[in-house]
Structure formats: C-alpha cells, structure tokens
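In: Build the 3D model from these lines:
(chains A and B)
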Amino acid sequence: MFCSQCGANNADNAMVCTQCGRSLRVGAPPLPVQQAPMVQVPAVPVQNYLVFAILVTVLCCLPAGIPAIVYAAQVNGKLQAGDMAGAQLASKNAKMWCMIAAGLGLAVGLIYGVLIAAGVLSNLNH
Amino acid sequence: MPYSRKNLLLAGMVAVFATSIAMLYFFDPATSGLFPPCPVRYLTGWYCPGCGSLRAMHQLLQGNLRAAWALNPLTVVLMPFLAYGTASYVLFQIRGKYLPRLFLPAVWIRALCAVIILFGIARNIPFHPFELLAPGGMLHP
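Out: Down below sits the predicted model:
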C-alpha cells in the first residue's frame, strides 16, 4: 500500500510507513511538522565584526568601538529573526564604526609618533 | 594573483600584527614609552574599559597570568575569543575557509557590551572593592 503522506510504497500489512513514520491505519492524523530549532545559523554568513569591535574597544582603548559592538548584536539578532536585509544594514553600520575607531586609533598613534620623534630630536639638540 | 591589492593589504596587516606582538613581547608598555597612552585616560583622567590591556598583553606573552589579570581582567577573559576570531580570519584569507563559526545569540553580545561598559565605570570608583579593578589595583592591596 502507498502512504497517504509521503507516497512511499509499504508492505500491505505494515502498521506505519517506513519512510515518514505516518500510521497507515485509515483515518490516522498526520504527523506534526518538525519544529525548527530556536537559534538557526544562517546559510549565508553576514559579518558582524564583533572580534574587530572588541579589539579596538578593549585593546586600543577606543570607546568608538562600543557602537560597533551594539551593531554586531543587531546583526546576530536580525539573523536569528530571519531579517536578512536588516542584518546586512546593521553589518554595514558595524563596519563603519569599526573604521571610525580604527581611524581614530591611527590618528592617536601618528600624533604620538610625531611627539616622540619631536622629543627625541629636541633631546639630541641639548 | 600573487601581487593583488588584497594580498598586499593582507601582507601589510600580518606584518603590522606580527611587529606589534613582537614589540609587546620585548617591551613593557608600563616602562618603555614606546606605546601611546590610553587617549581616554590622557584626555579625561578616567580609566576606560581597555586601560591596562596592552600591559596585560605584555604580561600574558611573558607568561605572567596573575600580573595580566591584575592589569585588566577583561582582556584576559576575552583573549581566547579574540585569538580564535583572529586565527579564523587569517585562515579564511589564506585558505578561503573559516574555522567553525561561533554564532553568538544577540543576547550574549548585548550582555558583553553591558559588561564592558559597567567594567569601565566600576574601575573608576575610588574605594574598595572597585579600586581592585583599576589597572594594577590587585597588585597593591
């Protein structure tokens, strides 16, 4: 006999379908569709730049990394909700704040480098 | 394309990264004056969540976990995650494949953000037990 749910061919005396598990007795209710797991990792990765955001915040002392972390959370939250477009927008913002923080860090580093060089030169003169 | 712009950029990043690690290993930011001071501390006089992190990295590279912990416990806690993320990124650039991705639910990232901000506030409170969180606070009880 053929299963009424998935169409698999089963032995005539079978109680349940070998393919999908539906009861083969007449009038049995169909099996409930399996629930998707709570947190699904999306197939297409969307960068959240979390590692970079933490690096600039904690290792480089730049509070501009904090908004980047907030946007990283948004990326993952929107991915969990299945909102692909929203995740990509948040990802862009996370990247932008990372760049701002990195630019600030570079500026501080350069100014410091110039000051050091100036200090060394003025020491040489004395 | 061995000399593509992307490869040159990658080589530059690896060079900067390796130089910083080597410099952090050989020179102590606490005494050498080679590393810039924390801009937040310099401008406002407050400790930020990252104050002491470079000194902590130096101590970690030298194998002094206790000293690193005293300078910036947050850095020590986050280091395995940062190392994994960085290794994954570098491997992706080389082999085109990430390490197994960690997918953190958004709640975790928000919690982490809160921890970083609260840590930054707490370490500025000038009395016990919060003063322990200031850079080096646990070294001089």
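In: From residue B:80, how far off is the residue nearest to residue A:64 when sequence neighbours are not counted?
Out: Counting by C-beta to C-beta, 6 or more residues apart in numbering or on different chains, residue A:101 is the residue found nearest to residue A:64 once chain neighbours are left out, at 3.8 Å. To be clear about C-beta, it is placed using only N, CA and C from the backbone, and glycine gets the same treatment. Using C-beta to C-beta, to the nearest Å, one obtains 22 Å as the distance from residue A:101 to residue B:80.
In: Between those two, point out the one with more neighbours.
Out: In this view residue A:101 and residue B:80 are compared by other C-beta atoms under 10 Å in any protein chain shown, and residue A:101 has more residues nearby, 23 against 9.
In: That one: what's it in contact with?
Out: Shown here is residue A:101, whose contacts under the criterion C-beta atoms under 8 Å, 6 or more residues apart in numbering or on different chains are A:53, A:56, A:57, A:60, A:62, A:64, A:65, A:68.
In: May I ask which two of the residues you listed are separated the most?
Out: With distance counted by C-beta to C-beta, no two of the contacts of residue A:101 lie farther apart than A:60 and A:68, which are 11.9 Å apart.
In: quick one, which of those two is more surrounded?
Out: Counted by other C-beta under 10 Å, residue A:60 and residue A:68 do not tie: residue A:68 has more neighbours, with 28 against 23.
In: CA atoms only for the helix or strand hosting that one - export them in PDB, please.
Out: Assigned by DSSP states H and E, residue A:68 belongs to helix A:65-80. Taking only C-alpha atoms (Å, rounded to 0.1, in the frame of the first residue of the first chain), the coordinates of helix A:65-80 have been written out as PDB:
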ATOM      1  CA  GLY A  65      34.100  50.500  19.300                       C
ATOM      2  CA  ILE A  66      31.000  50.400  21.600                       C
ATOM      3  CA  PRO A  67      28.500  51.300  18.900                       C
ATOM      4  CA  ALA A  68      30.200  48.700  16.700                       C
ATOM      5  CA  ILE A  69      29.500  46.100  19.400                       C
ATOM      6  CA  VAL A  70      25.900  47.200  19.600                       C
ATOM      7  CA  TYR A  71      25.500  46.900  15.800                       C
ATOM      8  CA  ALA A  72      27.200  43.400  16.000                       C
ATOM      9  CA  ALA A  73      24.500  42.400  18.400                       C
ATOM     10  CA  GLN A  74      21.900  43.700  16.000                       C
ATOM     11  CA  VAL A  75      23.400  41.700  13.100                       C
ATOM     12  CA  ASN A  76      23.000  38.500  15.000                       C
ATOM     13  CA  GLY A  77      19.600  39.400  16.400                       C
ATOM     14  CA  LYS A  78      18.300  40.100  13.000                       C
ATOM     15  CA  LEU A  79      19.800  36.900  11.600                       C
ATOM     16  CA  GLN A  80      18.000  35.000  14.300                       C
END
